[in-house]
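Trainee: Quick check, what structure comes out for this input:
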Amino acid sequence: MTTVIHIIPHLLSTDRYPPAMPRPAPPEKLINTAVRLPASTHRDLHEAAGARDISVNRLVVRAVEQYLKTLRPVEDAFLQRHQ
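Mentor: Residues are numbered from 1 along each chain as shown. Below you'll find the predicted structure:
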């Protein structure tokens, strides 16, 4: 027990560690937005992010970016529907 008590003040001391590196600036302005998800999707999202050790925000951004790359141009989708 005495060892733990002697170690804890050293762990709490900030003069032993260099200051944290600042986060790099995001490549573009970030916008806060909200979406409504079914409870099961929300749960699955949190589980998937936790399993990958990333934030839910990062997982959503990656998923949306990937999905948008797969979309056909609107003109192509419109033409196909009206042929």
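
Trainee: Can you pull the poorly scored residue ranges out of the chain?
Mentor: Counting by pLDDT under 70, the chain has low-confidence residues at 1-19, 77-83.

Trainee: go with 50
Mentor: Low-confidence regions of the chain, defined by pLDDT under 50, are absent; no residue qualifies.

Trainee: now the helices for it?
Mentor: Ranges of helices within the chain are 2-12, 39-51, 56-70, 74-81, based on DSSP state H.

Trainee: Only the buried residues of the second one, if you could.
Mentor: Going back to what we said before, that points to helix 39-51. Applying a neighbour-count criterion of 16 or more other CB atoms under 10 Å, the buried positions in helix 39-51 are A49. C-beta here means a position set from N, CA and C on the backbone, and glycine is covered the same way.

Trainee: what sits up against it?
Mentor: Contacts of helix 39-51 from elsewhere in the structure, counted by CB atoms under 8 Å, 6 or more residues apart in numbering, are L37, S55, V56, R58, L59, V60.

Trainee: Counting neighbours, which of those end up buried?
Mentor: L59.

Trainee: Pick out whichever of the contacts of helix 39-51 sits closest to A25.
Mentor: Checking the contacts of helix 39-51 against A25 with CB to CB, the nearest one is R58 at 16.5 Å.

Trainee: Let me know the distance separating the closest residue to the closest one other than its chain neighbours from A20.
Mentor: Excluding the flanking residues, the one nearest R58 by CB to CB, 6 or more residues apart in numbering is A49, at 7.4 Å. A49 sits 23 Å away from A20, going by CB to CB, to the nearest Å.

Trainee: try A51
Mentor: A51 sits 27 Å away from A20, taking CB to CB as the criterion.

Trainee: go on, H42?
Mentor: H42 sits 31 Å away from A20, taking CB to CB as the criterion.
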